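Asks: give me a 3D structure for the following:
(one chain, ligands or ions: 3)
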Amino acid sequence: MSQNIHIIGAATTFGQPRLGVDLGPDAIRYAGLDKALSSLGYTVTDAGDIRSKYRVNASNHSIKNETNLLNYREVMDFSLELAAEVDNTVSSGQFPLILGGDHSLSIGSLAGISKHYEDLGVIWYDAHGDLNDSRTSPSGNIHGMPLGISCGVGDEDLVNLYNPGIKVKPQNVVLIGMRDLDEGEKLYIKENGILTFTMGDIRTKGIESVMKEALTHLEGRTDGIHLSVDVDALDPLETPGTGTPVDGGLSLSESQLAMEILNDSGRITSMDLVEVNPLLDEKNKTAEKAVKIAESLFGKKQL
Ligand SMILES: NC(=[NH2+])NCCC[C@H](N)C(=O)O
Ligand SMILES: [Mn+2]
Ligand SMILES: [Mn+2]
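Replies: Ligands and ions are numbered 1, 2, ... in the order given. Predicted coordinates:
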């Protein structure tokens with residue numbers, strides 16, 4: 001892993017309906033991210049926040065376009081800007097650590113990162129698959145679509161954003177923590193043989209063997225691995241400050257072990273840490289957990 005971490009705040013809220021998730025990057029900074037990573041010996045720089053040029057207010061926040069996509073233009077423009085920043089970060093040899101913000105930001109982060117890899121792997125650590133398109137989505141919220149879009153499904157302009165073509169091959173994706181998949185997502189997973197670990201699988205096999213299986217699956221076929229952590233992968237008792245909580249999730253200590261195993265592999269090349277919404281939180285608890293997850297990924301061991 002690069003010794004230089006570049007933090008990019010992706011202060012977007014347009015991928016989902018709740019106000020406040022654009023404050024996620026500051027909540028994570030306030031919880032001490034920079035200091036935690038510097039203490040591990042990394043050189044940490046912070047780009048500050050990329051913020052949508054569109055203003056947000058309660059009544060303009062969730063506007064549908066003709067094809068069931070909410071805040072389409074806003075998400076599109078934001079993703080382009082984020083993709084360029086992430087692209088530059090990888091070009092300069094730094095590790096991009098993108099703080100969210102809602103999960104639609106991964107459209108931009110994957111667009112920027114994938115330019116640098118032939119066969120990018122993706123570990124999607126989340127309660128949700130985020131594999132919907134405008135037809136399968138129950139909500140029209142684009143934060144339920146970024147992985148599908150990056151795999152080439154859905155709106156053509158979003159799929160071809162920043163650099164034309166698909167960003168990630170579905171066989172290079174591993175889903176971990178799944179417990180709220182929509183019918184269309186289940187079908188897509190089956191049809192494309194995406195390696196998927198539900199909470200049931202994790203309870204049966206244990207998180208250690210799940211993470212090792214994930215890494216083995218991506219071995220040989222990928223030249224870099226992007227890790228996308230949605231804090232709703234964790235149980236809402238751990239991370240209540242998020243817009244779409246789902247009961248029955250991972251604990252903090254399981255997640256720390258998962259991150260330590262990824263760190264030991266030395267194969268993670270970029271990361272998103274998303275869906276922290278301090279307006280829904282209890283005393284910034286969720287952002288504090290997010291910092292602990294990042295710490296474990298970058299090398300803090302419990303012993
Ligand atoms: N990144 C997230 N939290 N996504 C939640 C998605 C929920 C649901 N599957 C939808 O498409 O609306
Ligand atoms: Mn989620
Ligand atoms: Mn998500």
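Asks: off-centre distance for stretch 80-99?
Replies: Chain-centre distance of stretch 80-99: 14 Å, with C-alpha atoms, centre = their mean, to the nearest Å.
Asks: tell me the mean pLDDT for that stretch?
Replies: In this model, stretch 80-99 has a mean pLDDT of 98.
Asks: first to last residue in that stretch, what's the distance?
Replies: Its first and final residues considered, stretch 80-99 spans 16 Å by C-alpha to C-alpha, to the nearest Å.
Asks: residues in contact with that stretch?
Replies: When contacts are defined by C-beta atoms under 8 Å, 6 or more residues apart in numbering, stretch 80-99 is touched by residues 1-2, 4-10, 12, 24-25, 28-29, 33, 45, 47, 50, 105, 108-109, 111-113, 115-116, 161-162, 269-274, 276, 294. Any C-beta I mention is one placed from the backbone N, CA and C, and that applies to glycine too.
Asks: the residues you listed in helices, which ones?
Replies: 24-25, 28-29, 33, 105, 108-109, 111-113, 294 (DSSP state H).
Asks: can I get those residues in a markdown table including pLDDT?
Replies: As requested, the ones in helices among the contacts of stretch 80-99 are exported to a markdown table (pLDDT from 0 to 100):
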| residue | pLDDT |
| --- | --- |
| Gly24 | 98 |
| Pro25 | 98 |
| Ile28 | 99 |
| Arg29 | 98 |
| Leu33 | 98 |
| Leu105 | 98 |
| Gly108 | 98 |
| Ser109 | 98 |
| Ala111 | 98 |
| Gly112 | 98 |
| Ile113 | 98 |
| Ala294 | 98 |
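Asks: Pro17 versus the residue of the chain found nearest ligand 1, what's the distance?
Replies: As assessed by C-beta to the nearest ligand atom, ligand 1 sits closest to Gly144 within the chain, at 2.2 Å. Distance from Gly144 to Pro17, counting by C-beta to C-beta, to the nearest Å: 11 Å.
Asks: the two: who's more crowded?
Replies: The neighbour comparison of Gly144 against Pro17 (other C-beta atoms under 10 Å) goes to Gly144, with 27 against 18.
Asks: contact residues of the stretch 1-150 of the chain facing ligand 3?
Replies: The stretch 1-150 of the chain comes close to ligand 3 at residues 103, 126, 128, 130, as judged by C-beta under 5 Å from the ion.
Asks: and ligand 1, which of the residues you listed contact it?
Replies: Contacts with ligand 1 are made by 103, 128, 130 out of those, judged by C-beta under 6 Å from any ligand atom.
Asks: and the nearest residue to the last one once chain neighbours are set aside, which of the three is it?
Replies: In space, Asp130 comes closest to Leu147 once its chain neighbours are excluded; the distance is 4.5 Å by C-beta to C-beta, 6 or more residues apart in numbering. Going by DSSP: H, G, I helix; E, B strand; the rest coil, the secondary structure assigned to Leu147 is helix.
Asks: gap between whichever residue of the stretch 1-150 of the chain sits closest to ligand 3 and Ile293?
Replies: Nearest residue of the stretch 1-150 of the chain to ligand 3, counting by C-beta to the ion: His103, 3.7 Å away. Using C-beta to C-beta, His103 is found at 15 Å from Ile293.
Asks: quick one on the thing from earlier: of the residues of the stretch 1-150 of the chain next to ligand 3 - the most surrounded one?
Replies: Neighbour-wise, these (other C-beta under 10 Å) top out at His103, 31 neighbours.
Asks: so that one sits against Val276, correct?
Replies: No: between His103 and Val276 there is no contact under C-beta atoms under 8 Å: 11.0 Å.
Asks: before we move on, which element is the nearest residue to Met145 once chain neighbours are set aside in?
Replies: Using C-beta to C-beta, 6+ apart and skipping the chain neighbours, the partner closest in space to Met145 is Asn132 (4.9 Å). Under DSSP states H and E, no helix or strand contains Asn132.
Asks: pLDDT wise, what is Gly184 at?
Replies: Model confidence at Gly184, given as pLDDT, is 98.
Asks: which residues does it contact?
Replies: Gly184 sits next to 131-133, 135-137 when contact means C-beta under 8 Å, 6+ apart.
Asks: from the residues you listed, list the buried ones, please.
Replies: Buried by 16 or more other C-beta atoms under 10 Å: 131-133, 136-137, out of the contacts of Gly184.
Asks: please consider this matter closed, and thank you.
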